[in-house]
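Engineer: Provide a 3D model corresponding to the input given below.
(2 chains)
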Amino acid sequence: MNQYIFHPFVLPFVLGMAFVLTYCLVGLFRVIFQLPKDDRKQFLRSLVTPKTAWANIRDLFGDCLFHVKIWKRNPVLGYMHSAIAFGWFMIIVIGHIMLFTLKPLQGVEVEGFARTFTNFYYPIFYKHFATETPVFAFLMDFFLLMIISGIIIAVVKKIYSKIVGVKRVTKFGFADNMIRFALWTIFPFRLIAEKTNIMAFWWLYSIDLMVFMCMLPFTRYMHIPTEALFILMRHAGLKAREPRKGYALAELYSCPSCGLCIDACPMSVNDKNSGNTSAYFMKKMRNGDYEDSQRIAETCLMCGKCVSVCPVSIESCDIKFSQRAATPYSINSDHSYLDAVGMHRDTSLLYFAGCMTQLTPKIMRSMKQIMEAAGEDYEFLDKDGGICCGRPMLLSGKVAEAQAMIAKNTELIKKSGAKRLVLSCPICYKVFKDEYKLEGIEILHHTQYIDELIKTGRFKVSKGDVNYVYHDPCELGRAYGVYDEPREVIENVGNLRKAKSEKELSICCGGSLGSFNLTQQERDEITQNSVNDLMFNNPDEIVTACPLCLKTFAKKSPVAVKDIAEIVSEKL
Amino acid sequence: MDFGFCLSPSSHVKMDTIDLTTFNRLKETNPDVNTCIACGSCTATCTAGNFTEMSFRRILLMLQRGKEDEAKKLIQHCMLCGKCTLVCPRGINIRKILLDITR
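Structural biologist: Residues are numbered from 1 along each chain as shown, chains lettered A, B, ... in the order given. Predicted coordinates:
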């Protein structure tokens, strides 16, 4: 019987653990104090609001422990992550339960501070100090083997990533590779140490833990503690305001660099550009690589696909946007000429074609036909070329300049006395929904409007036998979930075929105004890939609901590309 | 030929006295400015050009002739809507160039 429960080999672990706990605590306060005052209040209040508290609990268990979103993406990948993370969590929990059920420890009564100190490392190394009851022994071994099975999959994935349905994985630097090696070896060492009780393996196990803990704050594994905080902040409804502070900082450190966004990103069609995906962007932002992160922020198409596949739900587009907004410009815009712009006639139904629709007059003509067939009394907001909606300017990060256009358009719309506003361009639709304050005015995209007209029987359409495929524009689909209305409209005039990737997984056309740096050639590659995806079921025509997508696809498509308004007006 | 006197003042632009720093910097970061054929498609579609003198074609010409101040005055009217980029037959990334000039 030992006199006290201590052995020098526990020291590396104790040091590592003390370091990581201090680091996380300081980091927690830093993030909370970096939040703007209102955001901080909102965050603290959300913690005690029953509704958000429930969502917090649900997601803390669902995302941090059971990894539901990864399971949904790929079961093998889900098992790999759950086995390691959930298994490790269970080992820690059971270890602590044993701590309270098995006392006195090894027949030695340890009291006061010594007891607290012992509790710190005892559950990690208990096998060296005591023998446990058979039930606990079984549970501990079970979860340890579960972790090791996860690690085996991880090692296989490193060699052949397609086994978990992943084509491209994130490329890591020295630190990330080293900590991963430490993580992979922790559990085999523990197993050997527990079964053989050779001192060398206890030392290796403890040193491995120290390496992992000490490197954790400077590598991607920081997502383990940060994700919990990020979930709480996300449910509080916070938004990234500054690129590297407060909420954005929590998001940056929550990114596990898993690389699921790399395969999803439309830019990845060109291998060179797969380095411009969100996983690398977040990594470069964390490492303080300002020049590269600025370049990636301005290269991104802002299509939002990485956000929809992200297992942690990180709004990387918001961070990219705030990074753009933080860029200084030496020349300011002068939009004072907007004051002179006026309206033609007051009306209850306003139609705003938008810049891009002005370039595709066939959409405008079709919309005129449709509105006339429905007997609507409508007026154009931009008959002879109006003011831009402000979204392209906003995407460049020039918020104040965009607000000038938004204010002028708001004034014109309010003055017209309109009750409804129909838009043909999803780019406009997004900014009207997000930024415009148009109380009492219903904002509709023309897909929603046409769907409503058909359903209420305002006009009749004949159904043809053309096979259409529908392309979801990013700013209509992923941003606002308008998936069903356009599909129902198409079902009314023809047959709808499926694309390979649909709805929230739809691929950007490549023409997006979000990107500033992509060259025409790089954009063409993205377009070709998107067209191939749409042609999966050999449709006769490609239908989209965005004038920009229409113009972009028309260059590369082997079949006719039409707007949804066009195919309806053909069947009037 | 320069005899030291003439009937009317010379109308040619003295290329060696103009300041081309902005244009040269632009050429470095955006080599595609060299491919512009000055067709004017960008000007014809410009949203801001509907209300003002704004014209990308003219801005580029001004910069090539060292008229930086005039070019910067015009550029202030731009709404960055991107129609010019979309219609450019040479595929020049005009939005990026406009943004770079204002940096």
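Engineer: look through chain A and state the residue closest to chain B.
Structural biologist: Relative to chain B, the nearest point of chain A is residue A:520 (3.2 Å; CB to the nearest CB). Where C-beta positions appear, they are placed from N, C-alpha and C, glycine not excepted.
Engineer: burial check on that residue, number of neighbours?
Structural biologist: By other CB atoms under 10 Å in any protein chain shown, 15 other residues sit near residue A:520.
Engineer: likewise residue A:142?
Structural biologist: 13.
Engineer: so the spatially most central residue of chain B is in which element?
Structural biologist: Geometric centre of chain B, nearest residue: residue B:60, 1.1 Å, by CA atoms, centre = their mean. Residue B:60 belongs to helix B:56-64 when elements are defined using DSSP states H and E.
Engineer: show me what contacts residue A:371?
Structural biologist: Residues in contact with residue A:371 (CB atoms under 8 Å, 6 or more residues apart in numbering or on different chains) are A:349, A:351, A:378.
Engineer: state the distance from the residue nearest to the centre of chain B to residue B:75.
Structural biologist: As judged by CB to CB, to the nearest Å, residue B:60 and residue B:75 stand 11 Å apart.
Engineer: can I get the helix holding residue B:60 in CSV? Just the C-alpha atoms.
Structural biologist: Only the C-alpha atoms of helix B:56-64 are listed here, as CSV (Å, rounded to 0.1, in the frame of the first residue of the first chain):
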residue,chain,number,x,y,z
PHE,B,56,-14.7,53.5,-67.3
ARG,B,57,-13.3,53.9,-70.8
ARG,B,58,-12.7,57.5,-70.2
ILE,B,59,-11.1,56.9,-66.8
LEU,B,60,-8.7,54.5,-68.3
LEU,B,61,-7.8,56.9,-71.1
MET,B,62,-7.3,59.7,-68.5
LEU,B,63,-5.0,57.5,-66.5
GLN,B,64,-3.0,56.6,-69.6
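Engineer: just to revisit the earlier point, who wins for neighbours among the contacts of residue A:371?
Structural biologist: Greatest neighbour count in the contacts of residue A:371, by other CB under 10 Å, goes to residue A:351: 26 neighbours.
Engineer: hang on, that one in a strand?
Structural biologist: Yes - counting by DSSP: H, G, I helix; E, B strand; the rest coil, residue A:351 is part of a strand.
Engineer: ranking helices and strands of chain A by mean pLDDT, which lands last?
Structural biologist: One helix or strand of chain A scores below all others by mean pLDDT, DSSP states H and E: helix A:112-129, with a mean of 75.
Engineer: after that one, which helix or strand is next?
Structural biologist: Later in the chain than helix A:112-129, the nearest helix or strand by DSSP H and E is helix A:134-159.
Engineer: what's that following helix packed up against?
Structural biologist: Under the contact criterion of 3 or more CB pairs under 8 Å, 6 or more residues apart in numbering or on different chains; DSSP states H and E, helix A:134-159 touches helix A:75-101, helix A:174-196.
Engineer: pull the distance from the helix holding residue B:60 to the chain's centre.
Structural biologist: Centroid separation for helix B:56-64 versus its chain: 1 Å, with CA atoms, centre = their mean, to the nearest Å.
Engineer: what packs against that helix?
Structural biologist: helix B:21-29, helix B:41-45, helix B:68-75, helix B:94-101.
Engineer: closest point of chain B to chain A, which residue?
Structural biologist: For chain B, CB to the nearest CB, closest residue to chain A: residue B:91, 3.2 Å.
Engineer: can you list the buried residues in stretch A:520-536?
Structural biologist: A:522, A:523, A:524, A:525, A:526, A:527, A:529, A:530, A:531, A:533, A:534, A:535 (16 or more other CB atoms under 10 Å in any protein chain shown).
Engineer: just stretch A:501-521 next, same as before
Structural biologist: A:501-502, A:504-516, A:518-519.
Engineer: enumerate the residues of the stretch 301-450 of chain A near chain B.
Structural biologist: A:327-335, A:337-338, A:340-341, A:355-356, A:358-359, A:384-388, A:392-393, A:395-396, A:398, A:405 (CB under 8 Å from any CB of the partner chain).
Engineer: which of those count as buried?
Structural biologist: Buried among these (16+ other CB under 10 Å): A:333-335, A:337-338, A:355-356, A:358-359, A:385-388, A:392-393, A:395-396, A:398, A:405.
Engineer: so where's chain B shaky on pLDDT?
Structural biologist: Counting by pLDDT under 70, the ranges of chain B that qualify are B:1-2, B:10-15.
Engineer: let me redo that: chain A
Structural biologist: Those would be A:1-4, A:101-114, A:131-132, A:344, if you go by pLDDT under 70 across chain A.
Engineer: where do the strands sit along it?
Structural biologist: Here chain A has its strands, by DSSP state E, at A:349-352, A:378-380, A:420-423, A:442-445, A:467-471, A:495-497, A:541-544, A:560-563.
Engineer: helices or strands up against the second one?
Structural biologist: Identification of packing neighbours for strand A:378-380 by 3+ CB pairs under 8 Å, 6+ apart yields strand A:349-352.
Engineer: what's in contact with the strand it packs on?
Structural biologist: Strand A:349-352 is contacted from outside by A:367, A:371, A:376-382, A:386, A:389, A:413, A:416, A:418-424, A:428, using CB under 8 Å, 6+ apart.
Engineer: what of stretch A:314-324?
Structural biologist: Applying CB under 8 Å, 6+ apart, the contact partners of stretch A:314-324 are A:230, A:239-243, A:248, A:251-252, A:254-255, A:261, A:278, A:281-282, A:285, A:293-294, A:296-298, A:300, A:302, A:304, A:306-307, A:310, A:395-397.
Engineer: can you tell me the closest non-neighbouring residue to residue A:420?
Structural biologist: residue A:442 (4.6 Å; CB to CB, 6 or more residues apart in numbering or on different chains).
Engineer: what sits against that neighbour?
Structural biologist: Neighbouring residues of residue A:442 by CB under 8 Å, 6+ apart: A:419, A:420, A:421.
Engineer: neighbour-wise, which one of these leads?
Structural biologist: Neighbour max across these (other CB under 10 Å) = residue A:421, 23 neighbours.
Engineer: ok, the nearest residue to residue A:223 once chain neighbours are set aside - how many residues close by?
Structural biologist: Closest residue to residue A:223 apart from its sequence neighbours, by CB to CB, 6+ apart: residue A:256 at 4.0 Å. Residues near residue A:256, counting by other CB under 10 Å, number 23.
Engineer: you'd agree residue A:256 is up against residue A:219?
Structural biologist: No - counting by CB atoms under 8 Å, residue A:219 is not a contact partner of residue A:256; they are 10.2 Å apart.
Engineer: re the thing from before, which among the contacts of stretch A:314-324 count as buried?
Structural biologist: A:230, A:240-243, A:248, A:251-252, A:254-255, A:261, A:278, A:281-282, A:285, A:293-294, A:296-298, A:300, A:302, A:304, A:306-307, A:310, A:395-397.
Engineer: contact partners for the residue lying closest to residue A:424 once chain neighbours are set aside?
Structural biologist: Excluding the flanking residues, the one nearest residue A:424 by CB to CB, 6+ apart is residue A:357, at 4.3 Å. In this structure, residue A:357 makes contact with A:363, A:364, A:424, A:425, A:547, judged by CB under 8 Å, 6+ apart.
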